[in-house]
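Participant: just the structure for this:
(one chain, ligands or ions: 2)
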Amino acid sequence: MENKIYEQVPQEEPQRQFYYMEKAKGYVNALAEKLGRRPTFCVTTFGCQMNARDSEKLTGILETIGYEAAENEEADFVIYNTCTVRENANNKVWGRLGYLSTYKKHHPHMKIALCGCMMQEPEVIEKLRKSYRFVDLIFGTHNIYKFAELIVATFEQKGMVIDIWKDTDKIVEDLPVDRKYSFKSGVNIMFGCNNFCSYCIVPYVRGRERSRKPQDIIREIEHLVADGVVEIMLLGQNVNSYGKNLDTPVTFAELLQEVEKIEGLERIRFMTSHPKDLSDELIEVMGKSKKICKHLHLPLQSGSSRILKEMNRHYNKEQYLTLVDKIRKAVPDIALTTDIIVGFPGETEEDFLETMDVVKRVRYDSAFTFIYSKRTGTPAASIKEQVPEDVVKDRFDRLLKEVQADAAERAQALTGRTESVLVEEVNEQDNHLVTGRLSNNFIVHFPGTKDLVGKIINVKLKECKGFYFYGEIVE
Ligand code: 5AD
Ligand code: SF4
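Facilitator: Ligands and ions are numbered 1, 2, ... in the order given. Model prediction:
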């Protein structure tokens, strides 16, 4: 009997995974009988929007095979979708694994799975193999679509199941997804990164750049819209180089124009843009678009041309500033946000002042500031001159102060305006309020009820609170 089923395992994807989902259902039902209730799961996401989207895919599969969502990590199946972009992302995972191991001692039937970027690092796998034997399943970023098959393996095999691929050219579509929000969704348009910025581990853990075909992306968005989605976020490590390696090359600007035509879709966002690949064509499309949100995340990383060269970013300070001017001219109301790294090896006070200069000139609406974190295997990790910790801390504080003052000033300037807002949720602290997002990504809280969630309405921005507003509905 077992052999007969085995002979029928489809080789093609996604059919193979649907076969394993059926098989997993059997095991999960048996577990439910033993427990006298449905078994529960908890997916914890670390890191970026890409990981958040991946977690929705994991959740989709878990629900399909019969697990129920738990409120917290006291669940029958806990999954950590990890990040490794900075050392503290890894530390969080190691810390929480400690707690999980204690919990598992009292709940031996519990399963623990680890996946995501951190699992693509060989040293991490070594450490897990040696000292974290209580983990049941480890997989990486390239084979996440195999989750159902791997779950079945944990029911059928003894010991840790480990499946990590170095890279892949495969994109598997059409597996179940459970969206966190009914009215908005991320949509992957590409995977991986080819840029090799010298500090960054992403190209090593997410592999080479692969774009999805435009027709697959459009079809997915059409389905999402039919299912109630009004806002999408196109996701890629470097969306501006989308489509270059397709059999029939397509530019990101061309893709956006196709997405714009989808009826019923109201708002389009995208993440992340690399300044070196941001084309005039894209700026023009953004200027004309009715649906692309007035927000551009444009990572600066450093304002010093010398450091930018060391970072392998392929633009200098002047080129970045020129680009900002062009964008502001074409899309006057646009909000600009950025990522900045402080303390890159060899960064001098002079270099840092160049960064401050760009920040002061651009006046970002918001900025994520990071302390440089040494990532093993990246070129920057072997640069000797590390910046002393106290110097980095001092620069970081100065930068943060400037960034916060600019953001508050930019927000203040919007006070009194009426803006269209997508209502996202009932306010957690005060349930008389709802929370929504403006096209430019600012947040506003205003009196309203649950039935407004998912709707786009006009809201007057009455009071600025630094990074967010209080407002009221305009009928
Ligand atoms: N150290 C600090 N910040 C980093 N980032 C990427 N790698 C590192 C690193 N090694 C930041 C960059 C990137 C963001 C997602 O994380 O600013 O844009
Ligand atoms: Fe990392 Fe640079 Fe790729 Fe962004 S573009 S993921 S910073 S290598």
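
Participant: and the residue in the stretch 351-475 of the chain that ligand 2 sits nearest to, what pLDDT?
Facilitator: Nearest residue of the stretch 351-475 of the chain to ligand 2 (C-beta to the nearest ligand atom) works out as residue 378 at 9.0 Å. Heads up, the C-betas are built off the backbone N, CA and C, glycines and all. At residue 378, the pLDDT value in this model is 97.

Participant: any idea how far the residue of the stretch 251-400 of the chain found nearest ligand 2 lies from residue 390?
Facilitator: Minimum separation of the stretch 251-400 of the chain from ligand 2 (C-beta to the nearest ligand atom) falls at residue 274, amounting to 5.2 Å. Separation of residue 274 from residue 390 (C-beta to C-beta, to the nearest Å) stands at 32 Å.

Participant: what do you get for residue 151?
Facilitator: 48 Å.

Participant: check residue 145 too.
Facilitator: Relative to residue 390, residue 145 is positioned 46 Å away (C-beta to C-beta).

Participant: got the contact list for the residue nearest to residue 164 when sequence neighbours are not counted?
Facilitator: The shortest distance from residue 164 to any non-neighbouring residue, by C-beta to C-beta, 6 or more residues apart in numbering, is to residue 140 (4.3 Å). Contact partners of residue 140, counting by C-beta atoms under 8 Å, 6 or more residues apart in numbering, are 115-116, 119-120, 163-165, 205.

Participant: returning to what we had before: mind checking which of residue 151 and residue 390 has more residues around it?
Facilitator: Neighbour count, other C-beta atoms under 10 Å: between residue 151 and residue 390, residue 151 has more, with 27 against 8.

Participant: so which strand or helix has that one?
Facilitator: helix 147-156 (DSSP states H and E).

Participant: in that helix, what counts as buried?
Facilitator: By 16 or more other C-beta atoms under 10 Å, the buried positions in helix 147-156 come out as 147-155.

Participant: and for stretch 155-168?
Facilitator: Per 16+ other C-beta under 10 Å, stretch 155-168 contains these buried residues: 155, 160-164, 168.

Participant: same question, stretch 331-351
Facilitator: Result for stretch 331-351 [16+ other C-beta under 10 Å]: buried residues 331, 334-338, 340-345, 347, 351.

Participant: what does stretch 13-33 give?
Facilitator: Neighbour count says stretch 13-33 has 13-14, 16-21, 23-24, 27-28, 31-32 buried, by 16+ other C-beta under 10 Å.

Participant: out of these, who's nearest ligand 2?
Facilitator: residue 13 (26.2 Å).

Participant: you'd agree that closest one is up against residue 145?
Facilitator: Yes - taking C-beta atoms under 8 Å as the definition, residue 13 is a contact partner of residue 145 at 6.8 Å.

Participant: overlap in contacts of these two?
Facilitator: residue 172.

Participant: got a list of contacts for stretch 113-129?
Facilitator: 46-47, 51, 54, 58, 77-85, 89-90, 93, 135-141, 144, 147, 150, 154, 160, 162, 164, 201-202, 204-206, 376-377.

Participant: mind checking which of those land in strands?
Facilitator: Applying DSSP state E to these, the entries found in strands are 77-82, 137-139, 162.

Participant: can I get those in CSV including distance to residue 327 and pLDDT?
Facilitator: Putting the ones in strands among the contacts of stretch 113-129 into CSV (distance: C-beta to C-beta, whole Å; pLDDT from 0 to 100) gives the following:
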residue, distance to residue 327, pLDDT
77, 45, 98
78, 43, 98
79, 39, 98
80, 38, 98
81, 33, 98
82, 34, 98
137, 44, 98
138, 42, 98
139, 39, 98
162, 45, 97
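
Participant: just the closest of these to ligand 1, please.
Facilitator: residue 82 (14.8 Å).

Participant: what about that closest one, distance to residue 19?
Facilitator: In terms of C-beta to C-beta, residue 82 sits 28 Å off from residue 19.

Participant: mind listing what's buried along stretch 107-127?
Facilitator: 110-121, 124-125.

Participant: from the residues you listed, which land in strands?
Facilitator: Using DSSP E, the buried residues of stretch 107-127 in strands are 111-116.

Participant: just the helices from this protein, written as ranges.
Facilitator: When assigned using DSSP state H, the helices of the chain occupy the ranges 2-7, 15-35, 49-64, 87-106, 122-131, 147-156, 202-206, 214-226, 252-260, 280-288, 305-310, 317-330, 349-362, 389-412.

Participant: which elements pack onto the second one?
Facilitator: Just to be clear, that refers to helix 15-35. Helices and strands touching helix 15-35, by 3 or more C-beta pairs under 8 Å, 6 or more residues apart in numbering; DSSP states H and E, are helix 49-64, helix 147-156.

Participant: so how far is that helix from its chain's centroid?
Facilitator: Mean-position distance between helix 15-35 and its chain equals 29 Å (C-alpha atoms, centre = their mean, to the nearest Å).
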